[in-house]
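Engineer: Quick check, what structure comes out for this input:
(2 chains)
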Amino acid sequence: MGSLESKIPSGPLAEKWTKHKNDIDLVNPANKRNIDVIVVGTGLAGGAAAATLAELGYNVKTFCYQDSPRRAHSIAAQGGINASKNYQGDGDSDYRLFYDTVKGGDYRSREANVYRLAEVSGNIIDQCVAQGVPFAREYGGLLDNRSFGGVLVSRTFYAKGQTGQQLLLGAYSAMNRQINRGKIKSYTRHEMLDLVLIDGKARGIIARDLVTGEIERHSGHAVVLATGGYGNVFFLSTNAMGSNVTAAWRAHRRGAYFANPCYTQIHPTCIPVSGDHQSKLTLMSESLRNDGRIWVPKRLEDAQAIREGKLKPTELTEDERDYYLERRYPAFGNLVPRDVASRAAKERCDAGFGVNKTGEAVYLDFAAAIQRYGKEKALTSGIKDPDKGTLTQLGEEVIEAKYGNLFQMYEKIVDENPYKTPMMIYPAVHYTMGGLWVDYNLQTTIKGCYCAGEANFSDHGANRLGASALMQGLADGYFVLPYTIGDYLSDDIRTGPISTDSPEFEATEKEVLERINKLMNTNGTHSVDYYHKKLGKIMWNKCGMSRNAEDLKSAIDEIAELRKDFWENVKIPGEEGQFNQELEKAGRVADFLELGELFAKDALQRNESCGGHFREEYQTPEGEALRDDENFKYAAAWEFKGAPSEAVMHKEELVFENIELKTRSYK
Amino acid sequence: MNLVLKIWRQENAEAKGKMVEYPMSNVEGDMSFLEMLDVLNEDLINKGEEPVAFDHDCREGICGTCSLMINGEPHGPDRLITTCQLHMRKFSDGDTIVIEPFRATAFPIIKDLVVDRNALERIQQAGGFISVNTSGNTVDANAIPIAKDKADEAMDAATCIGCGACVAACKNASAMLFTSAKVSQFALLPQGRVEATDRVMNMVRQMDLEGFGNCTNTGACEVECPKGISLENIARMNREYMSAIVKG
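Structural biologist: Purely as a prediction, here's the structure:
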C-alpha cells in the first residue's frame, strides 16, 4: 500500500493549479447528493472544507472533540493572515509570497504546493470580507496591514490580536448556513478513534461520543482529516489542552505515511514557565515584534542582579543593553523568522544572560515604540511641545489600540504591567510543520483519506513563517480540497451508501473497544498526566530547540520504556460508558508515546540543520544552521510497520526548478 | 496558601448533585484557577477517587470552553477574563471558594461542572451567517470600504467567545447579550445588511424556543462578560427586531 507519487501537475509553476483544475474530473450536482464526506476537525481547514463541500452539494458529517466547532484551536491564533494583495504597494506579489515561504521553510517544502498557496491567498481575504470578518481598517475604510517575521513587505491582515478567532467564526458561520440547510450534520464532543478501510479505501471512522461513552460507526465515501498539529507531545506548548495527534496517528497506523515528524516550530515570544504546576504556555503574538525590541543585559553581573531582584530592567541604560537580534541580524532585526529568534534567545540564556528567576527569559521592550508613537500622535493631534509624560501617555494609547488584549493577557498571567516594564518572554513549542504526507491533491497514502491544514506536512517545509498557518488552513479548506476531492469521488457516483455493517467496520470497532478495555483495566498507580509530563520532559530536553545524535538515541530508548510502563501502570478512574476526561486523555497520550519515538527517530536520521530542526553537530562557526542539500533535500515519509522502531522511511526528493537553493541569511 | 473548596459534584444529567468539600494546601499565587483544580484532580486520582469534571481547552481566554460559577460569579471575581485566566493570587489564605456549574434551564448538566451549551450553537445556526458562497469569487476585499469606527464596533461585538457567562449571570437566564452580539456584528457591516431582517427574526425565534429567559435590563451580563460585550448590542438588536416586525 502507498506510494510517494506527488502528482504535481506539469507545466510552468504559475499555471500548474489552473491547468490541474481544468484537467481533473468533476462530479455533477445531482450525483454529489449521493456522496457522503466525513470531516474530522473543525478548525480553519476542517470548518472551511466542510462548509464548501456541503455548499457544493455533498452530504457532510463533521466531528470535533470540543463542545462547538468554533472552539477548535485555530481560534487562538492572534497576529494575522498573510495574503499577496500588495495593498500597501510595497512590491508584494504571488511570487514574492511563494519565495518568502520556501526560503522561510529553509528549502524543505514542495514548490508547486507553496505557489498554489500564494496564488489563492488573495481570494481568502475577499472571501472572509464577504462573510463579514471584521478585519482591521484604516481611516479611509480600506484594509490595514502589518509586518511579520522573515519578510520585507507588509502583507498581514488582522483583526486586533484575535485574527484566528474571527476567521474561525467566519468559517463556522459558513458551516452554520449549511447545518441550517441540513447539509452538514455536526457531531460535537465526539472523538475519532480509528479509520475504517474497505478494499484499501478510507470508508469511515469509529468515533466515541464523549458524553455517553458510546462507540459509534460512521461511513462516508471519503474521510478528511483536519485535526491540527501534535505540539502537545511536549506536554507544555501553546496548543489547547485537548489538541492531539490521535486521528492522524490512527490513520498512520492504517497506512498513511507520516512525514517529517521532527519539524517543530518553537515560537520565540511566549510567557516563560512559572512552576511545576504549569499546564500550558501562552503565546505573545509575533506581531509584537513589529514594535517590541528584544534584549538582555550586556554584562553578566547585571543579568545576575536582575535575577536576584536587585536591579530593574528600566534602570539599565541603552549602552548596557544587548539588542542581540538587531546586532546579529541587522537586515531583519527583531523580525527574523521564528526559528532564528528562538535559537538566539536560547543562546543568550544558556550563556547566562537570562532575566527571570530560572534564567530562561529575555526582554521584549516597548519603551522606544511608546515614545515613537507618542511623538507621531502629538503631531497629528496638534499638541505642541509635549512633555515626556504626555508623550508616554499618547504612545501607550496607541500601543493599547494595537495590542491591548495581548498586554492585558500578559498582565493577568505575570502580574506585571508591560506598559511600564518590559515583557519577559521565552520560546515555547507552538506549531508542527510535519504531519501526514499528502500529494498535490491533499490525499494521503490511503486512497480516499485526505488531510488538510496543520495536520498535513505540505507547505511550510522545516519552518513556518508567521501568519501563514491561517492562510494554509483556509486555502486548503475553501479552495483546494473541495476541488481535488472531486477527482477521487467522481469514481464513486455509482457506489451508493456505504454500510456500517460490514466486517471491516466490525473488526475496527472491536480493536477500538479492546484498546479502551485495556486502558480501563490496567488499574495501575500513576495518572495519565504523570506520563504526559515525563514524555514532555524527554521531548523538550532531547528533541527540543537543539538536538544531537547521542540525546536522540537515548530519547528513543527512554520513550519506548515510558510507553511500556504506561501500558502496565496507568490508572484511569471511572467507567468507559460515561463522560470520562481521564480516559480521553489516556488514549491521546498513548498515541503521543508512539509518535514521540518516531519524532526522535526522524530527527536522528536527518544529519543536517534546517529550519526548526537544529542539530548541534551541523552548524556554521557563527552558530547558524548548516543545511546539507546534497544528502537531505527530501521529505522523510514514514510507513508504519507495527511499532515506531520498525517504521520504514520513504523519501520524496524535493525538486527546485524556480528557486535557487541558497544559505538562508537574514543578516 | 490554604483553601477550602466547595464543589458541585453530579454523576450525570439524571443524578442528584451535591456540594462536596475539599481542603487544599500549598496553593501558589502564580497558579491559574484551573491549574489549582488540576492539582486537586491529581490528588483525587492518586487516592482512587473520581476527579472533578470541568470544561477547558485553550487556557488562554479565547476558545470560550471554560466556565464555572466561582463564589457566585461566572468566571470568578476578576473582571474581563475567563476562568482559565484567573490566577490564585486573587484569593487569600484561609478562603473558602464555592465552585458551581453555569446554571440555566437551557444548559443541562452533563457531569459535575460540565454543562451542555448547544442551545447557543442552535441560535447561530438559525441565522448567524451571511449567505455567501465560499467560492472566493466575490468582489475584491477593498471594493467594500467600511468606516473604521463601524468596523471597530463590529469587531467589538464579534469578540464574543460564546462561553455563556451572560446567561449564567442573568437572574432570568437570558441569552440576549450573546444573541445581540452576533446580530450586531453583521448588522453593523454593509455585507450583513442585506439579510438583516430575516437574521434577527430567525435568531430571536430560536433563542425563545431554547427556553432562555427575557431581558429585564439588570446589566449583570455586561458586568460579568469576559470580553466586555456592551449592553448597547441588546439595544441594537431590539431596534433591529422592531424594524423587522414593522417590515413584516
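Engineer: SS state for the spatially closest residue to B:Thr138 that is not a sequence neighbour?
Structural biologist: Leaving aside its chain neighbours, B:Thr138 sits nearest to A:Ala130 (4.0 Å; criterion: CB to CB, 6 or more residues apart in numbering or on different chains). All C-beta atoms are positioned from the backbone trio N, CA, C, and that covers glycine. A:Ala130 carries the three-state label helix when classified by DSSP: H, G, I helix; E, B strand; the rest coil.
Engineer: just A:Arg203 next, same as before
Structural biologist: In three-state terms, and counting by three-state DSSP, A:Arg203 is strand.
Engineer: What of the one 5 residues further on?
Structural biologist: Following three-state DSSP, A:Arg208 is assigned to strand.
Engineer: Hmm, it is touching A:Tyr187, no?
Structural biologist: No - contact status for A:Arg208 versus A:Tyr187: not in contact, 10.7 Å apart, counting by CB atoms under 8 Å.
Engineer: Between the two, which has more neighbouring residues?
Structural biologist: For A:Arg208 against A:Tyr187, the residue with the higher neighbour count under other CB atoms under 10 Å in any protein chain shown is A:Arg208, and the figures read 25 against 20.
Engineer: Quick check: pLDDT value at the more buried one.
Structural biologist: The pLDDT attached to A:Arg208 in the predicted structure is 98.
Engineer: Tell me what it is bridged to.
Structural biologist: For A:Arg208, the beta-bridge assignment (DSSP bridges) gives partners A:Glu191, A:Ile215.
Engineer: tell me the phi and psi of A:Val37?
Structural biologist: Here is the backbone geometry of A:Val37 (degrees, to the nearest 10): phi -130, psi 130.
Engineer: who's in contact with A:Lys16?
Structural biologist: Neighbour list for A:Lys16: A:Ile8, A:Pro9, A:Ser10, A:Ala112, A:Tyr115, A:Arg116 [criterion: CB atoms under 8 Å, 6 or more residues apart in numbering or on different chains].
Engineer: what mean pLDDT does stretch B:40-56 have?
Structural biologist: Across stretch B:40-56, the average pLDDT comes to 97.
Engineer: How about stretch A:118-127?
Structural biologist: For stretch A:118-127, mean pLDDT rounds to 97.
Engineer: and it, anywhere near chain B?
Structural biologist: Yes - counting by CB under 8 Å from any CB of the partner chain, chain B has neighbours in stretch A:118-127: A:Val120, A:Asn123, A:Ile124, A:Ile125, A:Asp126, A:Gln127.
Engineer: Please work out how many residues are found near A:Thr392.
Structural biologist: A count of neighbours around A:Thr392, defined by other CB under 10 Å, yields 18.
Engineer: Let me fix that, I meant to ask about A:Pro330.
Structural biologist: By other CB under 10 Å, the burial measure for A:Pro330, its neighbour count, is 10.
Engineer: Compute the distance between B:Gly219 and B:Ala235, please.
Structural biologist: Using CB to CB, to the nearest Å, B:Gly219 is found at 12 Å from B:Ala235.
Engineer: and what of B:Leu34?
Structural biologist: B:Leu34 sits 35 Å away from B:Ala235 when distances are taken as CB to CB.
Engineer: These two: which has the busier surroundings?
Structural biologist: When B:Leu34 is set against B:Ala235 and neighbours are counted by other CB under 10 Å, the residue ahead is B:Leu34, at 21 against 13.
Engineer: Look at that one and give its secondary structure.
Structural biologist: Reducing the assignment at B:Leu34 to three states with three-state DSSP gives helix.
Engineer: How about A:Val114?
Structural biologist: Going by three-state DSSP: A:Val114 is helix.
Engineer: so who does it touch?
Structural biologist: Counting by CB under 8 Å, 6+ apart, A:Val114 makes contact with A:Phe98, A:Thr101, A:Val102, A:Gly105, A:Asp459.
Engineer: Would you mind listing what in the stretch 401-550 of chain A touches chain B?
Structural biologist: Taking CB under 8 Å from any CB as the measure of proximity, the stretch 401-550 of chain A contacts chain B at A:Gln408, A:Met409, A:Lys412, A:Ile413, A:Asp415, A:Tyr478, A:Phe479, A:Ser527, A:Asp529, A:Tyr530.
Engineer: Selection in PyMOL covering whichever of those are buried, please.
Structural biologist: A single PyMOL command suffices to select whichever of these are buried according to 16 or more other CB atoms under 10 Å in any protein chain shown:
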select buried, chain A and resi 408+409+412+413+478+479+527+529+530
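Engineer: need the residues of the stretch 401-550 of chain A next to chain B in a markdown table with secondary structure and pLDDT, can you?
Structural biologist: Written out in a markdown table, the entries for those read as follows (DSSP: H, G, I helix; E, B strand; the rest coil; pLDDT from 0 to 100):
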| residue | secondary structure | pLDDT |
| --- | --- | --- |
| A:Gln408 | helix | 92 |
| A:Met409 | helix | 91 |
| A:Lys412 | helix | 92 |
| A:Ile413 | helix | 93 |
| A:Asp415 | coil | 94 |
| A:Tyr478 | helix | 98 |
| A:Phe479 | helix | 97 |
| A:Ser527 | coil | 97 |
| A:Asp529 | helix | 98 |
| A:Tyr530 | helix | 98 |
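Engineer: For the residue of the stretch 401-550 of chain A found nearest chain B, give me its contacts.
Structural biologist: Chain B sits closest to A:Ser527 of the stretch 401-550 of chain A, with a gap of 4.5 Å, by CB to the nearest CB. By CB under 8 Å, 6+ apart, the residues touching A:Ser527 are A:Val570, A:Lys571, A:Glu582, B:Glu42, B:Ile45, B:Asn46.
Engineer: That concludes my questions; thank you for your assistance.
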